[in-house]
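Peer 1: Fold the following for me, if possible:
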Amino acid sequence: TSLGEGQTLNILSGGEVQFPFIAVDSTINVNGGRFRSSRLAGTLQLARSDLNIIAGDVFPQVSINAYDGSNINLLGGTIGTQTTLYGTSTATIDGGAMIAKGFDARQGAHIEIKSGINNVVRFFDGSTGRITGGQLGRNVEAQVGSDLEIVGGEFLFNGAPIIGNTVTIDENTDILTGTL
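Peer 2: Alright, predicted model coming up:
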């Protein structure tokens with residue numbers, strides 16, 4: 001199933017779309033409905049498209065791949081699946097729950113987290129991110145070559161106040177805590 005240039009798909013309460021699904025130059029609005037796979041696994045592929053989740057779910061057996069120019073906006077509902085952003089794609093999480101096994105920003109991609117519940121978020125080499133709020137799980141990874149800004153207060157590095165604006169963390173031994 002697919003959407004083409006200029007097309008919009010609205011998935012309302014009680015509505016359901018099965019995978020695989022491809023959206024190119026189009027918009028998908030999930031407002032009470034859900035995506036699910038009719039098989040063991042399925043993929044939602046976005047190319048220069050917008051995925052707006054206001055309420056509803058994208059289920060665990062589905063993966064999301066967002067390519068150049070795509071935007072994912074999680075304002076409510078749940079993303080319960082692996083999500084990967086490539087190229088110039090972006091994601092804004094301002095509500096809802098991202099409880100997937102991974103929400104990844106690859107080279108050139110950007111994730112902004114303003115609120116909501118976020119489990120595993122990874123920033124790979126060449127990606128950027130900004131976190132200003134929300135609840136974060138133990139697995140927020142900013143790999144070498146990524147640029148992650150965390151805005152908040154009361155930050156401690158291994159229990160001590162941070163000196164300066166930059167911290168390099170060893171994932172095996174260091175702990176960063178703070179209030180967003």
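Peer 1: Any buried residues in stretch 9-29, and which?
Peer 2: Buried residues in stretch 9-29, counted by 16 or more other CB atoms under 10 Å: 9, 11, 17, 19-29. Bear in mind the C-beta positions are built from the backbone N, C-alpha and C, glycine included.
Peer 1: Check which helix or strand the spatially closest residue to S49 that is not a sequence neighbour maps to.
Peer 2: Nearest non-adjacent residue to S49, counting by CB to CB, 6 or more residues apart in numbering: A23, 4.1 Å away. Assigned by DSSP states H and E, A23 belongs to strand 21-24.
Peer 1: Starting from that strand, tell me which strands it pairs with and how they run.
Peer 2: strand 2-3 (parallel), strand 42-47 (parallel) (DSSP bridges).
Peer 1: distance of L3 from L12?
Peer 2: 16 Å (CB to CB, to the nearest Å).
Peer 1: Likewise for L148?
Peer 2: 35 Å.
Peer 1: T1 now?
Peer 2: For T1, the distance to L12 - CB to CB - is 17 Å.
Peer 1: Next up, the contacts around the residue nearest to the spatial centre of the chain.
Peer 2: Compute the mean C-alpha point of the chain, and by CA atoms, centre = their mean the closest residue is F103, 4.7 Å away. With contact taken as CB atoms under 8 Å, 6 or more residues apart in numbering, F103 is in contact with I79, T83, A91, I111, N118, N119, V120, V121, R122.
Peer 1: can you rerun that using 6 Å?
Peer 2: T83, V121 (CB atoms under 6 Å, 6 or more residues apart in numbering).
Peer 1: Run through this structure and note the low-pLDDT ranges.
Peer 2: 37-41, 60-61, 138 (pLDDT under 70).
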